[in-house]
Each structure stands twice: as structure tokens, then as C-alpha cells.
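Asks: how would this look folded up:
(2 chains)
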Amino acid sequence: MNLISFSAENIAKTFNRRKIFNDISFTMKEFNSLAITGRNGSGKSTLLKILAGVLSPTKGEMNLVIEGRVIKKEEYFVHLGLVSPYLQLYDEFTGWENLDFFRKVRGLDTADEYLAELLSRVNLSDRKNDFVRTYSSGMKQRLKYAFALIHRPVILLLDEPTSNLDDEGIATVYQIMEEQKKSGILIVATNDKEDITMCEYVIDLNIQTLKKGEK
Amino acid sequence: MKTGSSISATWTIFKKDMYSELRTRYALNALLMFVITTLSVILFSIGNENVSPELLAGVLWIIIFFSTMSGLSRTFVSEEERGTVMTLHLIARPLTVFFGKLLFNLILLGALNVFTVVLYLLLVTGFSVVNYPIFIITIILGTLGLGSGSTIIAAIIAKANTKGTLYPVLSFPILLPLLLTVINATKLSVEGVPLVDAIGEFQVLISYLIVLLAISYLLFEYIWKE
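Replies: Model (predicted):
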């Protein structure tokens, strides 16, 4: 029996009568990875927001099953992690304070050591006590990874995962993606060829079909 | 998530808003400046005139209502403007967010009202309260009602493009029953009637609060989602 199953059935989204995409369907099991591609404005980020449960689809259903238990829509955030350019962290708090806030709101009993390890992993240890408003865009992007991984999500959703990052940051992100593929499900919205080749399946929103990726 | 952890998450959101407010002064400065400016204008316009205490009871609530309108929407609007709404979506249940924000607004409005009332009692010479228990209960219930109403309305208008103007426009009809009742109860405290004569007003205020909280509880998830 599969431990994790995440499926979308005929997902459609319309904004002000303008159809963004229609009939998106897929099923991902644990250790699967999916790349969502498409030209600008094709709805990659919108689809990712719908999958993350922060936006409702106009039509269609999603289904998340973990160890035989169907997860309610309002509980998705417990199992999902998202990194996206739209995501903003709190500028008036330090990197550490941001992570501490997320840990407490989520009700995690995560130790300080784990937060320190996360910050070290995204190379922000020496800036952890600085306000986020003083961070560069690349540093903010790194902190978003710490935010997304703090609760060890079974599904990791990444929108333009390597944007704003330097070579070292990109290498860290690829390592995070590889690890996620070994522990759960990875879904990436991107047009970057290297990102796409890391995924097993590809949905091209221009043609709206799921196909096996080119490894 | 268990009830205990929901309460703890609500408290964490409240604390985050509190620290955020102390660091950014998004709402606090606007509220304080509004109270001081309005009070000064009222004092200048009254001059040496003898204004009846009943009329001054209404003026007090006009100051409180409009200062609420000038700052209390910030709790949701600032999250929307800074783009941190999605972050909150990804870490907490809608009701946890609502109750955290509600608690913050109640504390903020409570502190502001204490400041306003003390200043009003000290500076407006024609306004003298005879029955303090009625006055204090009215301020407490009025703060709870005004804070609850303005929190749910702030959540609605945060999604709109014309946030600033929409807030008082949408709030006025919803808060009108509350305003009429608190003005009436404040008048009773100034007239010095016995406490039992104000029970009817208190019952209206408590009912209003219960209805408002029940509606907020049922509707917030839909407001928050889109």
C-alpha cells in the first residue's frame, strides 16, 4: 500500500471569465516528482497555489491521503511546504524570530538546534539575528526554504525554485529537491531545463497533459 | 490540532502582531494622533460654551468610532499589503488567525479607549460621570463590540482595492446599533440613574457581541480563503 497519495482531478481555474487552465489531473505517490511547465501567464503559480490549498479551484477536486487517512483541505498546511516568489516573510523580524514564530504557530516541538541547522543549511547562520528587511533577495529566498522545511513536509511545492539564488544557493536547492524525492513528493513549477530534468513527470500547461519526464 | 495547541497558536499570532506593532507603529501612531487631534478640535470648538453632558456623551463615542476606523483595519490590511497573507495561510487555520487578530485589536482598542476616556474626563469640563459602574461597563462592552465588529470588517475590506474609504462606509451600518446603545448607556451614566435602569442597554450590547462573534466564526473562513 502506498503511504502517500496526492491527486488532482479535473482542476480548472477561471479569473473574471478568463480561463487560466482546464482539466488538470494527476496522481503522485511517495518518491514521485512533478514539474509544471508552461509559458508566462499559463497559470503555473496559480496551479501551485491551488495545490497548496491557499486558492480554491473554480472546478475540480484534490485528494491527499497519508497512511490511509484522507486529509481534510484545511489540514493541508500541516503536510505541505511551499516556496514561491509571492511568499513574503516578516520584514520587521529577524530570520530567527521568523522561524521561531512559524514553529510556535504550527505547534511544533522542534528544538532550537533544528532551527539553527536549517539556517546553517541555507547559509544564513551569521545573519540570523538581522532583520529580514536588511536581507538581499537571494537571502530572503534562502529563508523561504527554511520556512518550507521547518515542519518536514511530505509534499514540497516549489515555484521558480532557483530564482535569485547564486551557484551555492542553487546547489543547496538541488540537494533539498533530491532529498524530498527520497522522503515524499516534490512538485516544481518552472521553465528551467535543469529543474525539469530533476522531475519524473512533467505537466505542460500549454498542452495540459501529464507525461513522463526526460531524465 | 488539539484545542490547547489552537489556543497556543492564537496566542502566538497575537504576540507576533503585538511585537510587529511595537516595531512598525502601523496602527498605534494613527490611532493616538487621531484621538489627540479630534479632542483638540472639539475643545477649541466648544470654547466657553455650556454643552450638555448628554451631548458630550455622544461626542465621546464619535471620537472612539472614528479613531477605530483610522487604525484598526491595519491588522489585516498590513498583512495584505506586505503580501504575508499567503504565509499565514500556510502555517495556521483561518480561525486561529481570526482570534489572534481579534485579541490584538481588543487589547489595542482597550488601551486606546482608556487613554481617550481619561483624556476626555480631564479636558472636557462639562462632561462629568455620576454613575461610574454604568460608565465602566459601557466602555468595556462598547470596546468588545467595536473591536469584534471592526476586526471582521477589516478582514473583508483587506481584499478590496479601495480599503481606506470602504472601511468606515461598511462599518457604519453594522456598528450603528452598537453606537446608539453605547451613547444611550453613557447618557444614563451621566444622568446618574441607578444601575438597574441600564440593564436593558447592557443586554443589547451583550447580545450584539454574541451575534457578531457567531457570525464572524461562521464567515471568516470564506472571507479568508479568497
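Asks: any idea of the pLDDT on B:Glu221?
Replies: For B:Glu221, the pLDDT comes out at 90.
Asks: From chain A, how far out is it?
Replies: For B:Glu221, the distance to chain A equals 8 Å [C-beta to the nearest C-beta, to the nearest Å]. Backbone N, C-alpha and C define where each C-beta goes, glycine included.
Asks: Tell me which other helices or strands the helix or strand hosting that residue touches.
Replies: Per DSSP states H and E: B:Glu221 is located in helix B:199-225. Other elements packing on helix B:199-225 under the criterion 3 or more C-beta pairs under 8 Å, 6 or more residues apart in numbering or on different chains; DSSP states H and E are helix B:94-123, helix B:132-157, helix B:163-191.
Asks: Now it: buried residues?
Replies: B:Glu201, B:Phe202, B:Val204, B:Leu205, B:Tyr208, B:Leu209, B:Leu212, B:Leu213, B:Ser216, B:Phe220, B:Ile223, B:Trp224 (16 or more other C-beta atoms under 10 Å in any protein chain shown).
Asks: so how far is stretch B:179-190 off the chain centroid?
Replies: Taking C-alpha atoms, centre = their mean, to the nearest Å, the mean C-alpha location of stretch B:179-190 is offset from the chain mean by 16 Å.
Asks: Buried ones in that stretch, by neighbour count?
Replies: Here stretch B:179-190 shows B:Leu179, B:Thr181, B:Val182, B:Ile183, B:Asn184, B:Ala185, B:Thr186, B:Lys187, B:Leu188, B:Ser189, B:Val190 as buried, counting by 16+ other C-beta under 10 Å.
Asks: next one: stretch B:151-168
Replies: In stretch B:151-168, counting by 16+ other C-beta under 10 Å, buried: B:Thr151, B:Ile152, B:Ile153, B:Ala154, B:Ala155, B:Ile156, B:Ile157, B:Ala158, B:Lys163, B:Leu166, B:Tyr167, B:Pro168.
Asks: contacts for that stretch?
Replies: B:66, B:69, B:72-77, B:79-80, B:85, B:98, B:101-102, B:105, B:170-171, B:174, B:212, B:215-216, B:219-220, B:223-224, B:226 (C-beta atoms under 8 Å, 6 or more residues apart in numbering or on different chains).
Asks: just curious, which of the buried residues of helix B:199-225 is nearest to chain A?
Replies: Chain A lies nearest to B:Trp224 out of those, by C-beta to the nearest C-beta, at 10.0 Å.
Asks: Mean neighbour count, the helices and strands packed on helix B:199-225: which tops it?
Replies: helix B:132-157 (a mean of 22; mean count of other C-beta atoms under 10 Å in any protein chain shown).
Asks: Taking helix B:163-191 as reference, get the angle to that one.
Replies: Computed by axes from the mean of the first three to the mean of the last three C-alpha atoms, to 10 degrees, the angle separating helix B:132-157 from helix B:163-191 equals 170 degrees.
Asks: how near is the residue lying farthest from the centre of chain B to chain A?
Replies: Most distant residue from the mean C-alpha position of chain B: B:Asn48, 31.1 Å away (C-alpha atoms, centre = their mean). Distance from B:Asn48 to chain A, counting by C-beta to the nearest C-beta: 47 Å.
Asks: which phi and psi does that residue have?
Replies: Note on B:Asn48: its backbone torsions stand at phi -100, psi 10 [degrees, to the nearest 10].
Asks: same check, this time on A:Asn63
Replies: phi -140, psi 120.
Asks: which residues sit in contact with it?
Replies: A:Ser5, A:Phe6, A:Ser7, A:Ala8, A:Glu9, A:Val70.
Asks: try B:Arg23
Replies: A:Glu92.
Asks: Can you tell me the element it falls in?
Replies: Element membership for B:Arg23, per DSSP H and E: helix B:3-24.
Asks: Flag the shaky bits of chain B, pLDDT-wise.
Replies: Where chain B drops to pLDDT under 70, the residues are B:1-4, B:226.
Asks: Tell me which residues touch the closest residue to B:Val182 other than its chain neighbours, please.
Replies: Spatial nearest neighbour of B:Val182, excluding adjacent residues (C-beta to C-beta, 6 or more residues apart in numbering or on different chains): B:Gly142 at 4.0 Å. Neighbouring residues of B:Gly142 by C-beta under 8 Å, 6+ apart: B:Trp61, B:Ile64, B:Asn113, B:Leu178, B:Val182, B:Ala185, B:Leu205.
Asks: run the last query once more with 10 Å
Replies: B:60-61, B:64-65, B:109, B:113, B:178-179, B:181-183, B:185-186, B:205, B:208-209 (C-beta atoms under 10 Å, 6 or more residues apart in numbering or on different chains).
Asks: mind checking how far it is from chain A?
Replies: 31 Å.
Asks: the strands in chain A, which residues?
Replies: A:4-15, A:18-29, A:33-37, A:59-66, A:69-71, A:80-83, A:155-159, A:185-189, A:201-204, A:209-212 (DSSP state E).
Asks: Can I get the ones you listed in a markdown table including distance to B:Leu28 and mean pLDDT?
Replies: Shown next, in a markdown table, are the strands of chain A (distance: least, C-beta to C-beta, whole Å; pLDDT from 0 to 100):
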| stretch | distance to B:Leu28 | mean pLDDT |
| --- | --- | --- |
| strand A:4-15 | 37 | 93 |
| strand A:18-29 | 41 | 91 |
| strand A:33-37 | 43 | 95 |
| strand A:59-66 | 41 | 94 |
| strand A:69-71 | 40 | 94 |
| strand A:80-83 | 32 | 96 |
| strand A:155-159 | 35 | 97 |
| strand A:185-189 | 39 | 97 |
| strand A:201-204 | 48 | 93 |
| strand A:209-212 | 52 | 69 |
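Asks: hang on, isn't B:Ser20 packed against B:Tyr26?
Replies: Yes. Applying C-beta atoms under 10 Å as the test, B:Ser20 and B:Tyr26 come out as touching, 7.7 Å apart.
Asks: returning to that earlier point: looking at the strands of chain A, which is nearest to A:Ile50?
Replies: Each of the strands of chain A has some distance to A:Ile50 by C-beta to C-beta; the shortest is strand A:4-15, at 6.2 Å.
Asks: List the contacts of B:Asp197.
Replies: Per C-beta under 10 Å, 6+ apart, neighbours of B:Asp197: B:Asn131, B:Ile134, B:Ala185, B:Leu188, B:Glu191.
Asks: hmm, 8 Å instead?
Replies: B:Leu188.
Asks: again with A:Leu118
Replies: A:Leu118 makes contacts with A:Leu99, A:Ala146, A:Leu149, A:Ile150, as judged by C-beta under 8 Å, 6+ apart.
Asks: Save these as JSON lines, and put in pLDDT too.
Replies: Below are the contacts of A:Leu118 laid out as JSON lines (pLDDT from 0 to 100):
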{"residue": "A:Leu99", "pLDDT": "97"}
{"residue": "A:Ala146", "pLDDT": "97"}
{"residue": "A:Leu149", "pLDDT": "97"}
{"residue": "A:Ile150", "pLDDT": "96"}
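Asks: List buried residues within those residues.
Replies: Looks like the contacts of A:Leu118 have A:Leu99, A:Ala146, A:Leu149, A:Ile150 buried, using 16+ other C-beta under 10 Å.
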